[in-house]
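Engineer: based on what follows, work out the 3D shape:
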Amino acid sequence: MEHQHQTVSHSSSLSLHEMLIEKLLKCMQACEQCATACLQETEVTPMAKCIALDRDCADICALTARLLMRNSEVAHNMLTLCETICRHCAEECGSHEHEHCTVCAAACNACAEACNEHLQLATV
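Structural biologist: Numbers count the residues shown, from 1 in each chain. Predicted coordinates for the structure are as follows:
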């Protein structure tokens, strides 16, 4: 029995993912910068949850971007997890008044939305 599905070439698949990859990498960078800045605050203890979520979010975004870059079969499976961690991180960062947290929350929200939109396109 012959499989009937549309195959997408590696290069056209990457171009479909380019904008998402860009948002993932921006989010990763914002999370890394936020975690580093949180560690330099006078009171680090209240920032512990923010730091932990920043680190987790940065790692998940980086892995998701790499999987999309290599057109991995499991890349789309990571998008749900990535959207979830980005939303959690945005919520936590949004609860702090530091400039680095504000920047991180915005990057995380943008990334979560991009993951969601990409998932919606994949199910159409």
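
Engineer: now the residue nearest to the spatial centre of the chain: how far from Pro46?
Structural biologist: The structure's the chain has its C-alpha centroid closest to Cys61; by CA atoms, centre = their mean the separation is 3.7 Å. Separation of Cys61 from Pro46 (CB to CB, to the nearest Å) stands at 24 Å. No exception for glycine: its C-beta is placed from N, CA and C like everyone else's.

Engineer: what's the answer for Ile85, then?
Structural biologist: With CB to CB as the criterion, Ile85 and Pro46 are 21 Å apart.

Engineer: point out where this structure drops to low pLDDT.
Structural biologist: 1-16, 123-124 (pLDDT under 70).

Engineer: what about 80?
Structural biologist: 1-16, 122-124 (pLDDT under 80).

Engineer: the longest helix in it is where?
Structural biologist: helix 10-39 (DSSP state H).

Engineer: can you count the residues close to Thr36?
Structural biologist: 12 (other CB atoms under 10 Å).

Engineer: roughly how far apart are it and Gln29?
Structural biologist: 11 Å.

Engineer: next one: Ala58
Structural biologist: From Ala58 to Gln29 the distance is 8 Å (CB to CB).
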